[in-house]
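A.B. asks: Fold the following.
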Amino acid sequence: MADSQSMYRTLEEKIIPTYYSKDKNGISKKWLELMKNSIITTGGKYSTSRMLVDYTNNLYIPLCNLTKKYYSDIDNVAAYNSWKKDLFTNWKDIKITQVNNLDNITIDAGNNIEVSCEVELPNINIENVTVEVYYGKILENGVVENVSITPMKLTDQDDENKKYYFTSKIELTTGGNYGYTFRVMPKHEMLLEPTNLDLVKWITK
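C.D. replies: Okay, here's the model as predicted:
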C-alpha cells in the first residue's frame, strides 16, 4: 500500500506536471531530458530482452520442471488439491504475536536489531508455512520505502500447543526511522510462488 501511494504521489507531483509543461511548440524540454537520461541509465537493464530472460529463468523453466516432477502423477495432484482446500479452511486460525519487540524504531546506519514473533498454527503443519519479517524506512509523510522481506528462523517450538517461535535480524544500510511487521506465507513443494494462492497472514494488534 505504501509503495502504491509513493508511486501515485510521484506521478501526480513530478511526472505528469513535467510531461504537460510544454513550450509554444508543444514540447517539454524537461521531459525530453528525463527520457534521454532514462534511456542512458536503464536502457541495458530494463528491456524486452531482459524481461524475457527473467521470465524464462525465474518462471517458465521452474514451472516446467515442477510440472514434470510432480504434476504428471494424478495422486500428487489430488493430494495437493486436498492440501490447498484444508489450507484455505484453516488459514484464518493462524495467530501471530510479537515477542519482546519495540514498535517503530530509530537506528543508526550499519546497525541491526533482532526481532521475534510467536506463531500459533492450530490446524496447519509448520512445514507448510514460511514466516517473514517485513520492514522498511518510514518517511516524514508516513510512506514506507526500501521495503525488505526476510525469512525468519525457527528457534523454538511447543508442538503440544502448536506454538512456534521465530527470530530474524534486521540489517540497516541507512539511518532513520524504521517500522516492521510479521507475516506468514504458505509453503509447499508443488507451489512455485506463495502469492499465487492469495493467502497471507499479517500480525494484528
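A.B. asks: all contacts plus neighbour counts: C-alpha atoms, from now on.
C.D. replies: Noted.
A.B. asks: On the three-state scheme, the residue nearest the centre of the chain is what?
C.D. replies: Per Cα atoms, centre = their mean, the C-alpha nearest to the average position across the chain is that of Ile149, at 5.4 Å. Assigned by DSSP: H, G, I helix; E, B strand; the rest coil, the conformation of Ile149 is strand.
A.B. asks: Equivalent analysis for Leu191, please.
C.D. replies: At Leu191 the chain is in coil, as set by three-state DSSP.
A.B. asks: separation between it and Asn65?
C.D. replies: For Leu191, the distance to Asn65 equals 12 Å [Cα to Cα, to the nearest Å].
A.B. asks: One more: Glu33?
C.D. replies: Counting by Cα to Cα, the gap from Glu33 to Asn65 is 45 Å.
A.B. asks: tally of neighbours for Gln98?
C.D. replies: Gln98 has 19 neighbouring residues, counting by other Cα atoms under 10 Å.
A.B. asks: Hmm, Val133 and it touching each other?
C.D. replies: No. With contacts counted by Cα atoms under 8 Å, Gln98 stays clear of Val133, the gap being 11.1 Å.
A.B. asks: Need the pLDDT of Asn111.
C.D. replies: Asn111 is assigned 68 on the pLDDT scale.
A.B. asks: my bad, Thr181
C.D. replies: 88.
A.B. asks: Who does it form a beta bridge with?
C.D. replies: Taking DSSP bridges as the rule, Thr181 bridges to Tyr134.
A.B. asks: That one contacts Val147, doesn't it?
C.D. replies: No. Counting by Cα under 8 Å, Thr181 does not reach Val147; the two are 11.2 Å apart.
A.B. asks: On the secondary structure side, give me the element for Leu52.
C.D. replies: Here Leu52 sits within helix 48-55, counting by DSSP states H and E.
A.B. asks: Mind exporting the C-alpha coordinates of that helix to CSV?
C.D. replies: Provided in CSV are the C-alpha atoms of helix 48-55 (Å, rounded to 0.1, in the frame of the first residue of the first chain):
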residue,chain,number,x,y,z
THR,A,48,12.1,-6.7,-23.5
SER,A,49,15.1,-9.0,-23.9
ARG,A,50,16.0,-8.8,-20.2
MET,A,51,12.3,-9.3,-19.3
LEU,A,52,12.1,-12.5,-21.4
VAL,A,53,15.3,-13.9,-19.9
ASP,A,54,13.9,-13.2,-16.4
TYR,A,55,10.5,-14.8,-17.2
